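K.L.:
fold the following.
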Amino acid sequence: MNRSSTSTSALRGQSRGAAVPIPRVATAPVNWNNDDLTDWRPKVPFPAILDEMVAAGYDATEYGDTFPAEAGQLRGALIERGLTLCGCFHPLDLTDDERLAAQLPRLKQILELFAAVGCADIVLALPSTPQRVALAGHVPADGSAGLSNAAWDRLGRNLTVVGRMVAEHGLRAHFHNHVGTHVETPDEVERLTLLLDLAVIDLCFDGGHYAYGGGDPAAFVARHAERIGYVHLKDVNPAVLAAARHDRLSFVEALKRYIFCELGHGGADIAGTVRSLRAAGYAGWLVLEQDTTPHDATATARANRDYLRASCGL
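P.N.:
Have a look, this model is predicted:
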């Protein structure tokens, strides 16, 4: 059964009064350790970061670069704290065949580690580039800073190749739209959705990045729910976004001004996005992220978890 028919069946089941699928909530190391701003704050080491996650009210997390690469050590630390590993963010040069070939052995190691600890998902993305980091949130609409048609073709082909590799290890691949990369704007994300072979790879939809890039997250979910298999939830401060566009700030500069704010305090329509997901029968991961915060990182992560529980019933 394909994902589209699964979504339709879920909706039909709801109309008969069946239980509505409940998404699973997780956190991510980026809430404490931001790799885009490596000198922003001292990194919280492993396994102390797991303790902070538990203190913030989470029972699942993505993998981070400070986590161990040995399955027994990782599994033991997670089990000790009642945590589940739900995936990780892993950029790949999917538009460059030569670079991608050199990166696949490392991807294989990650997939073997995840399979050994019972993780079923991995989130892929294009790497950021200096040009697109500089243009985050104000990418020219004429496509002059975008991929060539040939690069889009390579991206589509390699998404399927890597998706099949991930599936061979028993995991599911998801592609993440991300500011500072060549899949940021609504037009770029739309084109990306047409390249997905849903048998092996779907979309990790990041509503915060989509709003940052100029889109309406809830409306996108309503149109493309059958293509979404994993979700990053983050909110966007509209005042900082307006300044980023007016002053042509880079992604890094915007992060330093806290462009991502606590859930429910910005313009990314978190509640509307969750409603659209639940209406479509979505039951995958909702990973709550706030890449930078002016406050204590654990307190912010806890506030975001509390918001989702109070405002969205999750």
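K.L.:
quick check: next helix or strand after whichever strand or helix holds residue 157?
P.N.:
Under the criterion of DSSP states H and E, residue 157 resides in helix 149-168. Where DSSP H and E defines the elements, the next helix or strand beyond helix 149-168 is strand 172-176.
K.L.:
mean confidence score for the helix or strand that that following strand is followed by?
P.N.:
Sequence order places helix 186-193 as the next helix or strand after strand 172-176, per DSSP H and E. Helix 186-193 shows a mean pLDDT of 98 in the predicted model.
K.L.:
now helix 186-193: buried residues?
P.N.:
Neighbour-count burial for helix 186-193, counted by 16 or more other Cβ atoms under 10 Å, picks out 186, 188-189, 191-193. Just so you know, the C-beta spots here come from the backbone N, C-alpha and C atoms, and that holds for glycine as well.
K.L.:
stretch 232-251 now?
P.N.:
232-237, 240-241, 243-244, 249-251.
K.L.:
and for residue 300, the neighbour number?
P.N.:
21 (other Cβ atoms under 10 Å).
K.L.:
meant to ask about residue 224, not that
P.N.:
So residue 224, with other Cβ under 10 Å, has 18 neighbours.
K.L.:
what does residue 97 give?
P.N.:
Residue 97: 12 surrounding residues under other Cβ under 10 Å.
K.L.:
surely it and residue 154 touch.
P.N.:
Yes: assessed by Cβ atoms under 8 Å, residue 97 is found in contact with residue 154 at 6.5 Å.
K.L.:
which strands and helices sit next to whatever helix or strand residue 244 lives in?
P.N.:
Using DSSP H and E, residue 244 maps to helix 238-246. In terms of contacts (3 or more Cβ pairs under 8 Å, 6 or more residues apart in numbering; DSSP states H and E), helix 238-246 is packed against helix 251-256.
K.L.:
show me what counts as buried in the helix it packs on.
P.N.:
By 16+ other Cβ under 10 Å, the buried positions in helix 251-256 come out as 251, 253-255.
K.L.:
what's next to the helix or strand following that helix, contact-wise?
P.N.:
Using DSSP H and E, the helix or strand that follows helix 251-256 in sequence is strand 260-261. Outside strand 260-261, the residues within contact range by Cβ atoms under 8 Å, 6 or more residues apart in numbering are 208, 234-237, 240, 266, 289-292.
K.L.:
ok, so of those, who is nearest residue 113?
P.N.:
Top of the list for closeness to residue 113, among the contacts of strand 260-261 and by Cβ to Cβ, is residue 289 at 22.0 Å.
K.L.:
sorry, back to before: pipe the buried residues of stretch 232-251 into JSON lines and attach pLDDT and distance to residue 89 per row.
P.N.:
As requested, the buried residues of stretch 232-251 are exported to JSON lines (pLDDT from 0 to 100; distance: Cβ to Cβ, whole Å):
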{"residue": "232", "pLDDT": "98", "distance to residue 89": "8"}
{"residue": "233", "pLDDT": "98", "distance to residue 89": "14"}
{"residue": "234", "pLDDT": "98", "distance to residue 89": "13"}
{"residue": "235", "pLDDT": "98", "distance to residue 89": "18"}
{"residue": "236", "pLDDT": "98", "distance to residue 89": "18"}
{"residue": "237", "pLDDT": "98", "distance to residue 89": "22"}
{"residue": "240", "pLDDT": "98", "distance to residue 89": "22"}
{"residue": "241", "pLDDT": "98", "distance to residue 89": "22"}
{"residue": "243", "pLDDT": "98", "distance to residue 89": "26"}
{"residue": "244", "pLDDT": "97", "distance to residue 89": "22"}
{"residue": "249", "pLDDT": "98", "distance to residue 89": "22"}
{"residue": "250", "pLDDT": "98", "distance to residue 89": "20"}
{"residue": "251", "pLDDT": "98", "distance to residue 89": "15"}
